[in-house]
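1. model the following, please.
(chains A and B)
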Amino acid sequence: MINYAQFTPLSALLGGVLIGCSAFLLLYLNGRISGISGIASKILGKSSESTVPSWLFIAGLIVGSALASNAFSLPAPKIDNSWPLIISSGLLVGFGSVYGSGCTSGHGVCGLARLSRRSLVSVPIFMLAAVLSYFLLSTVS
Amino acid sequence: MLNSTTNRYLSMFSIFICGVIFAAGLQLAAMTHPSKVQGFLDISGLWDPSLALVLFAATGIFSLGFWTVIKVRIRNQQTPVLASSFQLPTATLLDKQLIIGSIVFGIGWGLSGVCPGPAIAHLIYLDVKIFGFIIAMLVGMAIAKQLKKQ
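-> Residues are numbered from 1 along each chain as shown, chains lettered A, B, ... in the order given. The predicted model follows:
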């Protein structure tokens, strides 16, 4: 059953277009793939060669998030998870995205578009794992 | 022809702007709302297909640019506009790390509805739980990096 009350096709498509444009520009101008887990994990590195671009992209994410929130008067999101759950989730997301070399952006957007064999395998696996994990979570709680 | 210092600053500025556009997209599509993401994962209940459309549009636009512009530049041995080379992933092997990593990432993503991009965009609300999430995420990333080195 589709949840028509929550379904927002127009803003989803527009948001997706912006994400796609950003990913294209980053590759066209700078030769880099927009994998947020890769970018985030590079701030853990030592050489400024790799940390500076990562910090710049992260700063852009924060500024862009604030600008969009103000410009479109968007409601603030809420995190309902308990502390143990949010920490476990963070650990798993961080570990899994680096160990599997990508997340929803690197494998999801860029990898699928490039028809990367690894991404074509990774995305269905993490989608299925996420569906099952959410299903189990909502069953027990 | 721009000199290399100007080029470097332009490159840095453009990376920042790409971050701005990316987060604006995430916000507009409400991907910063964990409940919106979990509404997509909830295929057994009332399903919200919004995330599929975000992925569809983003992948569509990026595909178009990749196959019509980037591929041509690479074939003609051109560089990116502001950098010396295209840094595309070269691995093609479907190894155990890819499979295990994807499973672990998916489990974590399902538990909270938060993944790395939206987590960073979420920082502007100064919710203490997102700081907790990001610190835990960086710890997880550091552990994975260590394991991959071995």
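2. which strand or helix spans the most centrally placed residue in chain B?
-> Nearest residue to the geometric centre of chain B (C-alpha atoms, centre = their mean): residue B:117, 5.8 Å. Using DSSP states H and E, residue B:117 maps to helix B:116-121.
3. next secondary structure element downstream of that helix?
-> Helix B:116-121 is succeeded, C-terminally, by helix B:128-149 (DSSP H and E).
4. CA atoms only for that next one - export them in PDB, please.
-> Extracted C-alpha coordinates of helix B:128-149, given in PDB (Å, rounded to 0.1, in the frame of the first residue of the first chain):
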ATOM      1  CA  VAL B 128      22.800  16.300  20.300                       C
ATOM      2  CA  LYS B 129      21.800  12.900  18.900                       C
ATOM      3  CA  ILE B 130      23.200  13.700  15.500                       C
ATOM      4  CA  PHE B 131      26.500  14.600  17.000                       C
ATOM      5  CA  GLY B 132      26.500  11.200  18.700                       C
ATOM      6  CA  PHE B 133      25.600   9.600  15.400                       C
ATOM      7  CA  ILE B 134      28.400  11.300  13.600                       C
ATOM      8  CA  ILE B 135      31.100  10.500  16.200                       C
ATOM      9  CA  ALA B 136      30.000   6.900  16.200                       C
ATOM     10  CA  MET B 137      30.100   6.900  12.400                       C
ATOM     11  CA  LEU B 138      33.600   8.300  12.400                       C
ATOM     12  CA  VAL B 139      34.700   5.600  14.900                       C
ATOM     13  CA  GLY B 140      33.100   2.900  12.700                       C
ATOM     14  CA  MET B 141      34.900   4.400   9.600                       C
ATOM     15  CA  ALA B 142      38.300   4.400  11.500                       C
ATOM     16  CA  ILE B 143      37.800   0.700  12.500                       C
ATOM     17  CA  ALA B 144      36.900  -0.300   8.900                       C
ATOM     18  CA  LYS B 145      40.000   1.600   7.600                       C
ATOM     19  CA  GLN B 146      42.200  -0.200  10.000                       C
ATOM     20  CA  LEU B 147      40.800  -3.600   9.000                       C
ATOM     21  CA  LYS B 148      41.100  -2.900   5.300                       C
ATOM     22  CA  LYS B 149      44.800  -2.000   5.700                       C
END
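5. list the buried ones in it?
-> In terms of neighbour count (16 or more other C-beta atoms under 10 Å in any protein chain shown), helix B:128-149 has its buried residues at B:129-130, B:132-134, B:136-141, B:144-145. All C-beta atoms are positioned from the backbone trio N, CA, C, and that covers glycine.
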